[in-house]
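Chemist: sequence plus predicted model, see below.
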Protein chains: 2
Amino acid sequence: MSLLVIGTLAYDTIETPYARRENVLGGSAVYFSVSASNFSAVRLVGVVGGDFEKKDLEMMSARGVDVRGVEKVADGKSFRWAGRYEADWNTRTTLETQLNVFEHFDPKVPKAFRDSRYVFLANAEPKVQLRALEQCTQPAFVVADTMNLWIEIRRDELLEVLRRVDGIVLNDEEARMLTGERSLIKAAAKVRELGPRYVILKKGEHGAFLVGEGVRYALPAYPVDQVLDPTGAGDCFAGGFMGYLAAADCVEPATMRRAMLYGTVTASFCVQGFGVEVLEHKRRAQLESRFNELLEFVTL
Amino acid sequence: MSLLVIGTLAYDTIETPYARRENVLGGSAVYFSVSASNFSAVRLVGVVGGDFEKKDLEMMSARGVDVRGVEKVADGKSFRWAGRYEADWNTRTTLETQLNVFEHFDPKVPKAFRDSRYVFLANAEPKVQLRALEQCTQPAFVVADTMNLWIEIRRDELLEVLRRVDGIVLNDEEARMLTGERSLIKAAAKVRELGPRYVILKKGEHGAFLVGEGVRYALPAYPVDQVLDPTGAGDCFAGGFMGYLAAADCVEPATMRRAMLYGTVTASFCVQGFGVEVLEHKRRAQLESRFNELLEFVTL
């Protein structure tokens, strides 16, 4: 079933205690698309500058990502982000954010994309998420991501997003900030009262859990031997999750649980390389053995 | 099957952002015994001062804890600990530790206890753990706990403990400190090279995982609505885990996995009250519904 994502395409500079990389292909919509394309065709809406490399769009196209929704601003520069991770991987410092062409981004969903049934609104200013969603004529299952900044400075618009989506993806800090609840279970319940039927709480290396209509499911992260770069792991989780749901065209609890596993497995490949350098060479068949390994790891 | 624990019996003063309690019955061996006694008879070895209340020993006896191994130093004071938790529950500051009668504790395992098959060496100076273990004539399955202090200042003795036990319980920070490995999977593998066939990594609110011969099993914590006091949760986990194994008299992987679930459920009751005030009123039958709920929460 058709799957649309709207979000950023970016070049990142990433510092870790072990390495530094410049101009790494990134951005929420890139991570999502590369991940979801293991399961389903993907329709990508975003904006890039004249500096965005053709080969990067070609890589995505080759994976079944329809890039006709990527607007090009020839005299602009692509979104750029620079950040540094501490050795615990949980502490991330943003060194620089250049919105560039994303600053005045007014998303245009191509006609051919408007009938998309599954929609992922990657992290962006809530009004941009709403603008994109309004152009979808028959969305069946819409999930949004967000960040602490929008919870702080765009709360009302974010609440409007929450009223319109089926699911929301939050990390534990965001869930607490949004609801004022320390207990994640209480926080998830409060978020559901704000609109979404499903809440996915991401806890990084500690896994994720899903709370929704008739379903509660907790998963640890897949235990990778070595993390190289955690950037994008949440978007890759969302990509695996939504890609699997769109392919199954089903949001029954049993399918949602399997989607959580695929999201977790997809994110685990993400963190084993910089950007999408590992994931861009994966195909669904290569996810299956890790899926089975994770399943064994969590099964009584 | 017979289950022995050696550790502290204490009175704690506990501050949380929401409450403050003095003279709370605590200590690793108390938390463990009250928890394990849901599954199995328990033999308790420890030391108390003249201030230790008879009713506290009676409460444990009534639960099937054999307290004949609790030495009384009439003119001494019981172990006392005071600590404060921050709102995130993960940050704990020790305000005071009075070893008192525990300072020169030379554990004496009563004759009637020496044939114990399952043994838990709760957190104590490694040489005390070794002294207790040496008196056991036919231990079949021995698990030890420890803490960062002993990793730092008693490393050699702790390594000796590790060579002699079947399993070790560590939190993530301790595992990293002991091995120098950031990745918990690598850390667990390195700990196993030091001796124990089984490593249980506790991650507090993020759950626990077990790595050992033919078994890897990860579990999230049971999501309680409200934490009142996390003190003793790790010992309660160990109590549920070892109590279930001793009752089953089996350490096969399938049994170990169920034991992890019972440990998790037991710890979840612990944190819902101060000290053992919730757990002391529980019986195994009352754990079963939460066991089933947790199992559903983690099952595909």
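Modeler: That came through, no problem.
Chemist: how about the contacts made by the closest residue to A:Thr179 other than its chain neighbours?
Modeler: Closest residue in space to A:Thr179, ignoring its immediate chain neighbours: A:Lys190 at 4.0 Å, by CB to CB, 6 or more residues apart in numbering or on different chains. In short, each C-beta sits where N, CA and C put it, glycine included. Contacts here follow CB atoms under 8 Å, 6 or more residues apart in numbering or on different chains; on that basis A:Lys190 touches A:Leu178, A:Thr179, A:Glu181.
Chemist: tell me which element A:Lys190 is part of?
Modeler: helix A:184-193 (DSSP states H and E).
Chemist: per-residue pLDDT, whichever residue of the stretch 1-150 of chain A sits closest to chain B?
Modeler: With CB to the nearest CB, the shortest gap between the stretch 1-150 of chain A and chain B falls at A:Ala87, namely 6.5 Å. A:Ala87 carries a pLDDT score of 82 in this model.
Chemist: picking that back up, the residue nearest to A:Thr179 and A:Arg155, how far apart?
Modeler: A:Lys190 sits 14 Å away from A:Arg155, going by CB to CB, to the nearest Å.
Chemist: so where does the residue nearest to the spatial centre of chain A fall, helix or strand?
Modeler: Nearest to the mean C-alpha position of chain A, counting by CA atoms, centre = their mean, stands A:Asp235 at 2.3 Å. Counting by DSSP H and E, the element that carries A:Asp235 is helix A:233-248.
Chemist: try A:Ala285
Modeler: Per DSSP H and E: helix A:284-298 holds A:Ala285.
Chemist: what does that helix contact?
Modeler: Among residues not part of helix A:284-298, those counted as contacts by CB under 8 Å, 6+ apart are A:38-39, A:219-220, A:222-223, A:240, A:261-262, A:264-266, A:268-269, B:216-219, B:298, B:300.
Chemist: now do the helices in the stretch 101-250 of chain A.
Modeler: A:126-134, A:148-153, A:155-164, A:172-179, A:184-193, A:233-248 (DSSP state H, counting those that start in this stretch).
Chemist: what about the third one, distance to the chain center?
Modeler: Going back to what we said before, that points to helix A:155-164. The chain centre lies 18 Å from the centre of helix A:155-164; the measure is CA atoms, centre = their mean, to the nearest Å.
Chemist: okay, buried residues for it please.
Modeler: A:Glu157, A:Leu158, A:Val161, A:Leu162, A:Arg164 (16 or more other CB atoms under 10 Å in any protein chain shown).
Chemist: does chain B sit close to the longest helix along chain A?
Modeler: In chain A, ranked by residue count with DSSP state H as the criterion, the top helix is helix A:253-270. Yes. If you take CB under 8 Å from any CB of the partner chain as the test, helix A:253-270 does meet chain B, through A:Ala254, A:Arg257, A:Arg258, A:Leu261.
Chemist: tally of neighbours for the third one?
Modeler: Right, A:Arg258. The burial count assigned to A:Arg258 is 20, neighbours taken as other CB atoms under 10 Å in any protein chain shown.
Chemist: do me a favour and get the end-to-end distance for stretch A:130-144?
Modeler: 10 Å (CA to CA, to the nearest Å).
Chemist: same check on stretch A:160-180?
Modeler: Across stretch A:160-180, first to last residue, CA to CA, it's 18 Å.
Chemist: you'd agree A:Pro17 is in a strand?
Modeler: No. Assigned with DSSP: H, G, I helix; E, B strand; the rest coil, A:Pro17 falls outside any strand and is coil.
Chemist: show me which residues of the stretch 101-250 of chain A are close to chain B?
Modeler: A:182-186, A:203, A:206-207, A:209, A:216-220, A:223-227.
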